[in-house]
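1. Sharing a model that was predicted from the sequence below.
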Protein chains: 2
Amino acid sequence: MKKNIGPILGLYPTPVTVLGTETGGKVNWVTIAHVGIIGLDRIILSMNKNHASNKAIKENRTVSINLVNEEMLVETDYIGLVSGNKIDKSDVFDYYYGELKGAPLIKKSPLNMECEVVDIYETEQHESFIVKPLNTYVDESMLSDDGSIDYEKISPVLFEMPRRQYMSTGKIVGQCWSIGKGYKK
Amino acid sequence: MKKNIGPILGLYPTPVTVLGTETGGKVNWVTIAHVGIIGLDRIILSMNKNHASNKAIKENRTVSINLVNEEMLVETDYIGLVSGNKIDKSDVFDYYYGELKGAPLIKKSPLNMECEVVDIYETEQHESFIVKPLNTYVDESMLSDDGSIDYEKISPVLFEMPRRQYMSTGKIVGQCWSIGKGYKK
């Protein structure tokens, strides 16, 4: 039996990310899991307008997206607990730079994307930044033999809002555009 | 050591959904995993313009979003292999209706959302539908004692593009806005 629980947003789990920004020579981090994909080349990052990072993203028109593994989880949750408006979070992660200014990349993250902002979609309390990855940096040990990203190895941490929990990525359960060939009504 | 693999969209895994639509009295299904969350009440569904379902969504301004579990995976992949422009897919899933016209809900899916379209974000080859869930229907066995959705029980199937694979949702690995309190530099 199904129960109607009302207008609850039920599209979880989603990948947890730490976004890297810089303004006035100061690096900042913010934890965001309300994210998504647009088309084949854009990512949407939906951020409450009161985050300190929004100002930096608008100033530079750049941001980094860093996937989170279990080894980074305590720092990642800490980043989400304290505001960059009040506390300097720049030293929570060691970082490096790629080609873009304003987009510091987390060394211990298994996958970093340095991104350019192409648009901002505004709603009541949120700015949703629409960005394009310019370069994606992956730990070589997380690549498969053909050079593609191996998400079983990366095992990104995911988020679900209803019970406010982090979840792990599981195992491969099927090949897309393949297992459906066996369908019979 | 990290390797720069270029402008690769690396934000995976994302939840696999089957979207339900109806036009001319005919139900259709489409499999979409390029999805996301905007703010706290909107979902974005990014769809290639050549999908048959886009026309129906624009006509009714409604759509259903159905999460996928492993028991539904062969049918779900089949839906993604064949076009509703050529093949009648209406009988692949048994369905029911909530309050909205044009948004059939899949009986065997553990979680259905009936949604209203509030905006369309257009890019070169894609229409990204921005929708609000009006009602969310969940199998009672998938709710926790406090009535919230238990994603460990639902165990939604996820998708990753680089190797074109379906993945399972794993286990709870931490409490959000909590475990970070133990952070020490």
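-> Received, thanks.

2. ok, the helix or strand encompassing A:Gly174: who's next to it in the sheet?
-> Per DSSP states H and E, A:Gly174 falls inside strand A:165-175. Here strand A:165-175 is paired, per DSSP bridges, with strand A:158-160 (antiparallel), strand B:165-175 (antiparallel).

3. would you list every one of the strands in chain A?
-> A:2-4, A:14-15, A:17-23, A:26-32, A:35-38, A:42-48, A:62-67, A:95-96, A:105-106, A:111-122, A:126-139, A:158-160, A:165-175 (DSSP state E).

4. May I see the strands paired with strand A:165-175 organised as a markdown table, with mean pLDDT added?
-> As requested, the strands paired with strand A:165-175 are exported to a markdown table (pLDDT from 0 to 100):
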| stretch | mean pLDDT |
| --- | --- |
| strand A:158-160 | 98 |
| strand B:165-175 | 98 |
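
5. Highest average neighbour count across these: which stretch is it?
-> Using mean count of other CB atoms under 10 Å in any protein chain shown, the stretch among the strands paired with strand A:165-175 with the largest mean neighbour count is strand A:158-160, at a mean of 26. All C-beta spots, glycine's among them, are computed from the backbone N, C-alpha and C.

6. related to what we said a few turns ago, can you list contacts of the strand holding A:Gly174?
-> Residues from elsewhere that reach strand A:165-175, judged by CB atoms under 8 Å, 6 or more residues apart in numbering or on different chains: A:13, A:16, A:70, A:73, A:77, A:151-152, A:154-160, B:13, B:70, B:73, B:77, B:151-152, B:155, B:157-158, B:164-176, B:179.

7. likewise stretch A:67-81?
-> A:15-18, A:29-31, A:89, A:92-93, A:106, A:108-112, A:154-157, A:166, A:168, B:10-11, B:173-174, B:176-183.

8. Give me the nearest residue to whatever residue of chain A ends up closest to chain B, chain neighbours excluded.
-> The minimum distance from chain A to chain B, using CB to the nearest CB, falls at A:Gly36 (1.1 Å). Excluding the flanking residues, the one nearest A:Gly36 by CB to CB, 6 or more residues apart in numbering or on different chains is B:Gly36, at 1.1 Å.

9. follow-up on the earlier one: list buried residues within the contacts of stretch A:67-81.
-> A:15-18, A:29-31, A:89, A:92-93, A:106, A:109-112, A:154-157, A:166, A:168, B:10-11, B:173-174, B:176, B:179-180 (16 or more other CB atoms under 10 Å in any protein chain shown).

10. okay, the strands of chain A in a markdown table with distance to A:Asp145 next?
-> Below are those laid out as a markdown table (distance: least, CB to CB, whole Å):
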| stretch | distance to A:Asp145 |
| --- | --- |
| strand A:2-4 | 44 |
| strand A:14-15 | 24 |
| strand A:17-23 | 27 |
| strand A:26-32 | 32 |
| strand A:35-38 | 26 |
| strand A:42-48 | 27 |
| strand A:62-67 | 21 |
| strand A:95-96 | 26 |
| strand A:105-106 | 25 |
| strand A:111-122 | 18 |
| strand A:126-139 | 14 |
| strand A:158-160 | 26 |
| strand A:165-175 | 15 |
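
11. I am finished for the moment; much appreciated.
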